[in-house]
Each structure stands twice: as C-alpha cells, then as structure tokens.
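>>> Model the structure of this input:
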Amino acid sequence: MIEAFKELSPVVQALLGTLFTWGMTALGASLVFFVKGTNQKFLDSMLAFAGGVMIAASFWSLLAPGIEMAEKGPLPSWIPAVVGFLLGGALLLMIDKLLPVIDTDRYLHDIKDNRAKNRTALLIFSMTLHNIPEGLAVGVAFGALASNVTESTLAGAVALAIGIGIQNFPEGTAVSMPLHRDGMSKKKSFIFGQFSGMVEPMAAVIGAVAVIFIQPILPYALSFAAGAMIFVVAKEIIPGSHERGNVNLASISLMLGFAVMMTLDVALG
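Residues are numbered from 1 along each chain as shown. I've put the predicted structure just below:
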C-alpha cells in the first residue's frame, strides 16, 4: 500500500492527504451527535473551548509557520505576518458590517437570535478560511517533491498531512458544538462543522499544481487566516460564552481549548 502511494502523482497524493484531514474535521464535528440535552453550562464551555482552540491554532498552525516560511524570502519575516494578520482582521470586520444586509436566514433560519446568527456566520467563515492555507501547505509539500523546489521528503509531506488531520479533530468540534449551542439542529451543526474542512482537498490540489507560484504567498495567507480567527474570538466567541453568566467556566474552558490545541501543534511539529 505504501509503495502504491509512492507511485501516485504528487497532486493525487496531496488530494488523498487532505481527504484524510477533511475526514478528521468531520469526525470531530460528529461529536455533536453525542451531546444529550441542552445543558447551557456545557454548551457555553464548548463555545469558549472553541475560542481557545482558535487562538492556539492562530499562532502554532498559522503565524509561526508563516514566519518561518517568510525567513527564506527577501523581506524581514515579521512583515508578511503583520500585513496578513491585519488584513485578515480587516476582512472579518468588513464582513461583520455586511452581515446585517446579507440574507443569512436562507441557511441559518433555525437560529432566531440575530447576534447569535452573526456569530455563527463569522465562526463558519473564519474556520473555513483558516483551512484554505492549511490545504495549500499540504499541496505545496507534496508538489515540491516533483518540482524540487525545496528539500522535501515524502515522509515529511505525509507527516504534515497527518499532523493537520489530528489538529482538525478539535477544530471540527469547535465549529459544530457552538452552532448547536446557538439553536442549530445536530444534523445541520455537523454539516457546517465538517464543511469547514471541505476546502482543504481543493486547496491542496491547487497548491500541488502551482507549487512554485503558491510558496511566496503562503506566509501572507497563513497570517491572514490567523487575523480572521483572532477577530472572531475577540468579538464574538469570548463575549458569547460570557453572556449567560458562566464567566469562570468559560474562562477555564478557553484555557483548556488553548492547551489542547497547543499540545497537538507542538507535539506534532
């Protein structure tokens, strides 16, 4: 089986690798089916846990790799990180301003509260946006094997896909649980939760095909996604987890989410 995988083209390898990462996102999102009842404290803690996951992923999965990649470029490594980060936050701010005039009821009609509806839309968008550069990174890793752009190895590319896949498990949960908390059905929460990982295979194919052209913009793309996620955490996730009075529980849950994601990111390199 391993030999057969080695014989595949880098594009197919990248596609298969990110189908795994998407599957792990779906697996994490499926935990929503095992939630019994609507215990508000538990659901608030899961929203805060999602915030912790997003903060940790923003640095260890996005900003830190982006800075490391930028060190090989012509500019100081902090410039792509700062530019991408601020642009990501600016985009989410613009989307937040546009949400009231966008017909979100078509997809989010089972969430009655308008503030919760906006939070849901921003959460889905930011997590999906965050998965695009991750998919590109996997695609670039496999594409580099054929183009000799970097000193990449097949084992390294596979390890990257496995690492991102394992990290995607809590991210899937971090989307589906808050959606269910805000009134969305379990089935629909799962669909939107796994959808955030669906973009990775598409992005991976693009990255593998255009590896030479994608590499220079990856630091900006990674930092851009980090800025978008931090904006959502600061504006919606943390305030939302506190709005029903479970402040201490939410704070502890956020720290646990951060610790879990940090551990996965650091342990998996």
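>>> P178 and G172, how far apart?
To G172, P178 is 12 Å away according to CB to CB, to the nearest Å. In this view, the C-beta of every residue, glycine as well, is placed from N, C-alpha and C.
>>> Give me the more crowded residue out of these two.
More neighbours surround P178 than the other of P178 and G172, with 30 against 27 (other CB atoms under 10 Å).
>>> Tell me the spacing between the closest residue to V233 other than its chain neighbours and E7.
Closest residue to V233 apart from its sequence neighbours, by CB to CB, 6 or more residues apart in numbering: G51 at 4.7 Å. Remark: distance between G51 and E7 (CB to CB) = 43 Å.
>>> more neighbours, those two?
Neighbours of G51 and E7, each counted by other CB under 10 Å, are more numerous for G51; the result is 30 against 8.
>>> quick one: that one from L19, how far?
28 Å.
>>> What of G245?
Distance from G245 to L19, by CB to CB: 42 Å.
>>> Comparing those two, which residue is more hemmed in?
Higher neighbour count among G245 and L19: L19, with 16 against 11, using other CB under 10 Å.
>>> Regarding that one, which helix or strand does it belong to?
helix 10-29 (DSSP states H and E).
>>> name the helices or strands packed onto that helix?
Helix 10-29 sits against helix 114-147, helix 154-181, helix 186-209, with contacts defined as 3 or more CB pairs under 8 Å, 6 or more residues apart in numbering; DSSP states H and E.
>>> With respect to D96, which of these lies nearest?
Counting by CB to CB, D96 lies closest to helix 114-147 out of the helices and strands packed on helix 10-29; the figure is 6.3 Å.
>>> relative to helix 186-209, how tilted is that closest one?
Relative orientation of helix 114-147 versus helix 186-209 (axes from the mean of the first three to the mean of the last three CA atoms, to 10 degrees): 30 degrees.
>>> So, low pLDDT: which residues of the stretch 151-269 of the chain?
Residues of the stretch 151-269 of the chain that meet the criterion pLDDT under 70 lie in 151-153, 268-269.
>>> Is there a neighbour count for the nearest residue to L63 once chain neighbours are set aside? I'd like the number.
Nearest residue to L63, sequence neighbours excluded (CB to CB, 6+ apart): A226, at 4.8 Å. For A226, the count of nearby residues is 30 (other CB under 10 Å).
>>> Tell me if I'm right that A226 and L62 touch.
Yes. A226 is within contact range of L62, at 3.9 Å (criterion: CB atoms under 8 Å).
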